[in-house]
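[1] the sequence isn't on hand, but the structure is:
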């Protein structure tokens, strides 16, 4: 494996910038630059290694539901789904459909989110990653069902609108519970004190 020294230098510079923000107590910039940097590093360094396993996993689990309903078959080793209904169509689980971008974005935000302790981040990270994975599987399943029952003409609507709407709606719910709700619950808003006139 050849080392890309530009990437290494960029990572070292990113870590240095984070230490500056941490010492200066610039929490917003620490969170923003930290999350953006970790996401970029994840895409550059880990995406080539994790993309194929994620494609295969999505195809395999979606294929289990296809087998249960007898509507499509999965050739997960190739990341392929074969639909044989109103029309015959082969779907390829590519970079976009693997869920790798959404997973890296979630983990990068969580890594620098200040409301959780380290062990909580690990647990919430695992649960969130699984939630994103199964939301993506559901999206693929819905697309396959639309093509199976409606034919090839429904592929565009299933892939571009219905599937994405389901996936991103579930992702927004996850983000609400992990980031928004936890921040509000744990936020220190001060104490209310009632004084007696006695």
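    Sure thing, it's come through. Since we're looking at a predicted model, the values are computed, not measured.

[2] not counting its neighbours along the chain, what's nearest residue 65?
    Counting by CB to CB, 6 or more residues apart in numbering, residue 141 is the residue found nearest to residue 65 once chain neighbours are left out, at 5.1 Å. Glycine gets a C-beta too; all of them are placed from N, C-alpha and C.

[3] and that neighbour, how far from residue 132?
    From residue 141 across to residue 132, the span is 15 Å (CB to CB, to the nearest Å).

[4] ok, residue 20 next?
    Separation of residue 20 from residue 132 (CB to CB): 32 Å.

[5] figure out how far the host helix or strand of residue 172 is from the centre of its chain.
    Here residue 172, judged by DSSP states H and E, is contained in helix 163-175. Its chain's average C-alpha position is 10 Å from that of helix 163-175, according to CA atoms, centre = their mean, to the nearest Å.

[6] any buried residues in that helix, and which?
    Buried residues in helix 163-175, counting neighbours by 16 or more other CB atoms under 10 Å, are found at 163, 166-167, 170-171, 174-175.

[7] and the helix or strand bottoming out on mean pLDDT in the chain, how far from the chain's centre?
    Within the chain, confidence by mean pLDDT, DSSP states H and E is lowest for helix 182-186 among all helices and strands, at a mean of 75. Relative to its chain's centre, helix 182-186 lies at 21 Å (CA atoms, centre = their mean).

[8] ranges for the helices of this structure?
    With helices called from DSSP state H, the chain shows them at 5-23, 27-41, 47-69, 100-111, 118-150, 155-157, 163-175, 182-186.

[9] need the pLDDT of residue 194.
    Note for residue 194: predicted pLDDT of 43.

[10] let me fix that: residue 189
    pLDDT for residue 189: 51.

[11] can you redo the buried residues of helix 163-175 as JSON lines with pLDDT and distance to residue 101?
    Below are the buried residues of helix 163-175 laid out as JSON lines (pLDDT from 0 to 100; distance: CB to CB, whole Å):
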{"residue": "163", "pLDDT": "94", "distance to residue 101": "15"}
{"residue": "166", "pLDDT": "96", "distance to residue 101": "17"}
{"residue": "167", "pLDDT": "96", "distance to residue 101": "12"}
{"residue": "170", "pLDDT": "97", "distance to residue 101": "15"}
{"residue": "171", "pLDDT": "96", "distance to residue 101": "11"}
{"residue": "174", "pLDDT": "96", "distance to residue 101": "15"}
{"residue": "175", "pLDDT": "96", "distance to residue 101": "14"}
